[in-house]
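> sharing a model that was predicted from the sequence below.
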Amino acid sequence: MRGLFPAFCALLFALVTWQVAARGPVRTLDEDLGRTVSGSSFPGAAAQFLADLGNASVAVPVLVVAMAVSALLRRRGPRPWVPPLWAALAMAAVPAVVVPVKSWIGRTGPPAMAATGAHDGFFPSGHTATAAVAYGAAVLLLLAPRADSFRTPPHAGASVTPPHAEPARSLPHAAAPADAPPHAEPDGMRPRNRHARARAWAAVAYILLNAGVAVGLVRCGYHWPLDVVGAWCLSGVLLWGLARALTLPVHRPGPRRPRASTVPAVPDR
């Protein structure tokens, strides 16, 4: 089931790319929709502000701050630099993937961009991919679980029970207080519920932010709607890979075991 999301993104990207490159009917509808949105009554100043959120000069510094905060929060764990490194690699993959596709498709831009003499190559949208990956990686870094992100090897200070040791006797469970409410949540569940709510709110804010960037780009005449959809498909695959990488356990390095001596033993005289 986990592999269905990147497969869906890849399939949708292939279909959209085919329609754009072959000048199919979906591309015609896309350009009609783009002209309608561009000529709408949506405030131009607000659209420009939303479109600017996709600039690398805005989105990348947000990711850099999230990487620093993530490393600071994980400073007591093993290798706190690993999650920020994964995020940096995901961000670096954006131009490595988007630029070749732009050159290959060579789609012309909306009329507002064609009037400025801009070169072809608007599919997929680089601003959309930058915003989606940068802000998405920041959310994943700050809301990924940290407490159980590493495991201590069994030989690193772990206590081993002797084979013939008597098992410890279990103590009777303490009775609940008489005045405790019948459906009271354990104290350990409250941080989990707060973390789940924070993840939900962050996901909603992330979706709204990227939707705003898309509307701003199309309203200002910088991109067609399908340019945005194609960038979202690529960003979904990159963020899925980043999320999978962040869930990998990071092992705490244990003490090195002494190596066996290779010097031959001296025979007894």
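Cool, the structure landed.

> all strands for the stretch 51-200 of the chain, in order.
150-151 (DSSP state E, counting those that start in this stretch).

> got the CA coordinates for stretch 16-26 in CSV?
Listed next in CSV are the C-alpha coordinates belonging to stretch 16-26 (Å, rounded to 0.1, in the frame of the first residue of the first chain):
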residue,chain,number,x,y,z
VAL,A,16,0.0,14.9,-18.1
THR,A,17,3.4,15.0,-19.8
TRP,A,18,2.0,13.0,-22.8
GLN,A,19,-0.9,15.4,-23.2
VAL,A,20,1.4,18.5,-23.0
ALA,A,21,4.0,17.1,-25.4
ALA,A,22,1.4,15.8,-27.9
ARG,A,23,-0.8,18.9,-27.7
GLY,A,24,-3.8,16.7,-26.8
PRO,A,25,-7.3,17.9,-25.8
VAL,A,26,-6.3,18.1,-22.1
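
> tell me which residues in that stretch are buried?
Within stretch 16-26, the residues that count as buried by 16 or more other C-beta atoms under 10 Å are 16, 17, 19, 20. Heads up, the C-betas are built off the backbone N, CA and C, glycines and all.

> contacts for that stretch next, please.
Stretch 16-26 is contacted from outside by 27, 30, 101, 105, 107, 123, 226, 229, 230, 233, using C-beta atoms under 8 Å, 6 or more residues apart in numbering.

> related to what we said a few turns ago, mind putting the buried residues of stretch 16-26 in a markdown table, distance to residue 202 included?
Output for the buried residues of stretch 16-26, formatted as a markdown table (distance: C-beta to C-beta, whole Å):
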| residue | distance to residue 202 |
| --- | --- |
| 16 | 27 |
| 17 | 30 |
| 19 | 33 |
| 20 | 32 |
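
> from the residues you listed, which is closest to residue 240?
For the buried residues of stretch 16-26, the minimum distance to residue 240 (C-beta to C-beta) is 17.9 Å, reached by residue 16.

> so where does the closest residue to that closest one other than its chain neighbours fall, helix or strand?
The spatially closest residue to residue 16, leaving aside those adjacent along the chain, is residue 230, at 5.0 Å (C-beta to C-beta, 6 or more residues apart in numbering). Counting by DSSP states H and E, the element that carries residue 230 is helix 225-246.

> returning to what we had before: taking the buried residues of stretch 16-26 together, which two end up most distant?
The distance between the two most remote of the buried residues of stretch 16-26 (C-beta to C-beta) is 7.4 Å, for 17 and 19.

> what's the closest of the contacts of stretch 16-26 to residue 193?
residue 233 (33.1 Å).

> neighbours of that closest one, how many?
Neighbourhood size, residue 233 [other C-beta atoms under 10 Å]: 23.

> surely it and residue 7 touch.
No. Counting by C-beta atoms under 8 Å, residue 233 does not reach residue 7; the two are 11.1 Å apart.

> near residue 13, how many other residues are there?
The tally of other residues near residue 13 (other C-beta under 10 Å) stands at 20.
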